[in-house]
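Asker: Here is the input, now give the coordinates:
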Amino acid sequence: MIASLAPFALGLALLGGASPPPALVATVREETKDDVDAPRDAAKLFHKADINGDGLPDWRVDYSERMAWCGTGGCRQQLYLARPDGTYALVFDAQARNEFRMRKTREGRRLDLEVHGSVCGEAGVEECLRSFLWTEADGRYVEIPNRKGDGRLEGLMPLVALDPATYPKSVAAAVAQASQVCEAKGGRLSDTEYAVERTPDLDGDGRSDWLVDASLMTCGDAKDEENGALEMDAGLTLLAGPGATQALFLPIYAYVFDVASRPATFIAVDIGDDCGGYEQPACPQTPYRWDAAKEVLAPAPAARGQRSE
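Answerer: Here you go, the predicted structure:
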């Protein structure tokens, strides 16, 4: 695996040619060299793609030719975006199955996928459709309603690992605060990279916002690093608006994003023992919408596209 999946520079030796750049091929070859089913010619995994319509040759790496790189969620796919300065950015690195379709629409450059059912809160074999639109402002794909019109996201789907060096100061501060809480308990915080995610646009500025879920961090007991884990007063922090300031903080909640509304709606789901299970009523849900005057996410009436389960 690449150590960091943030944008990185690679030589663009064959920018106008039909063959993938040697540096990209070398990266894939290095990643797969220890695989039993490694291809003799890594270049054969590459296919030209068009991510943002700028005329530069982008590249898709399709690992479906080797079943060793496939599973219940499908096969690994990568997308590399060519930049005008001759560098590349890895903008997609995830599994997909049955459907991986890139197309131009009225909205822009769209990507439609089918992924593992768990991404939609279902069993692995169940259909889970996700769709994304390329946004130049963010330099990334953002989630939109899928090709069937469903904009309810039971969870976020990370497309590439985030580089902590790119966190806004407020996001880094939220992680640092969690670390301080853990250290005060005599622990050492880890797994912070899994706790920070980009979210759909919540404040209407056309850019993705941020989520820090402290429940996904591990506060390891410094006295028993192998087996010990300390409890923390975890919470969910959403950051949006100018400067990516704290827009909402909640105790541990399940959550949903509704991207059928613009800006997106955040929906907190209050999980309990008496709801959400088989033949049980749905758990209480509270939608939150952006309040421009207060620059926070405030409770709001049910949003368009929300299910009242």
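Asker: Quick check: chain neighbours aside, which residue is closest to residue 295?
Answerer: Closest residue in space to residue 295, ignoring its immediate chain neighbours: residue 241 at 4.4 Å, by Cβ to Cβ, 6 or more residues apart in numbering. (C-beta placed from N, C-alpha, C; glycine too.)
Asker: Centroid-wise, who is the farthest residue in this protein?
Answerer: What lies farthest from the middle of the chain is residue 223; by Cα atoms, centre = their mean that is 33.8 Å.
Asker: So it: helix, strand or coil?
Answerer: At residue 223 the chain is in coil, as set by DSSP: H, G, I helix; E, B strand; the rest coil.
Asker: still on that earlier bit, thought the residue nearest to residue 295 was touching residue 294?
Answerer: No. Contact criterion Cβ atoms under 8 Å: residue 241 and residue 294 do not qualify, at 9.6 Å.
Asker: These two - which one has more neighbours?
Answerer: Per other Cβ atoms under 10 Å, whichever of residue 241 and residue 294 has more neighbours is residue 241, with 21 against 10.
Asker: Quick check, pLDDT for the more buried one.
Answerer: If you check residue 241, the pLDDT there is 93.
Asker: what sits against it?
Answerer: For residue 241, the contact set (Cβ atoms under 8 Å, 6 or more residues apart in numbering) comprises 203, 205, 247, 290, 295, 296.
Asker: so where is the stretch 101-250 of the chain shaky, pLDDT-wise?
Answerer: Counting by pLDDT under 70, the ranges of the stretch 101-250 of the chain that qualify are 225-228.
Asker: residue ranges for the helices of it, please.
Answerer: 169-184 (DSSP state H, counting those that start in this stretch).
Asker: circling back to that earlier point, and the residue farthest from the centre of the chain, what does it touch?
Answerer: residue 186.
Asker: do you know how far it is from residue 124?
Answerer: 38 Å (Cβ to Cβ, to the nearest Å).
Asker: Likewise for residue 27?
Answerer: 30 Å.
Asker: More neighbours: which of the two?
Answerer: Each of residue 27 and residue 124 has its neighbours counted (other Cβ under 10 Å); residue 27 has more, 20 against 13.
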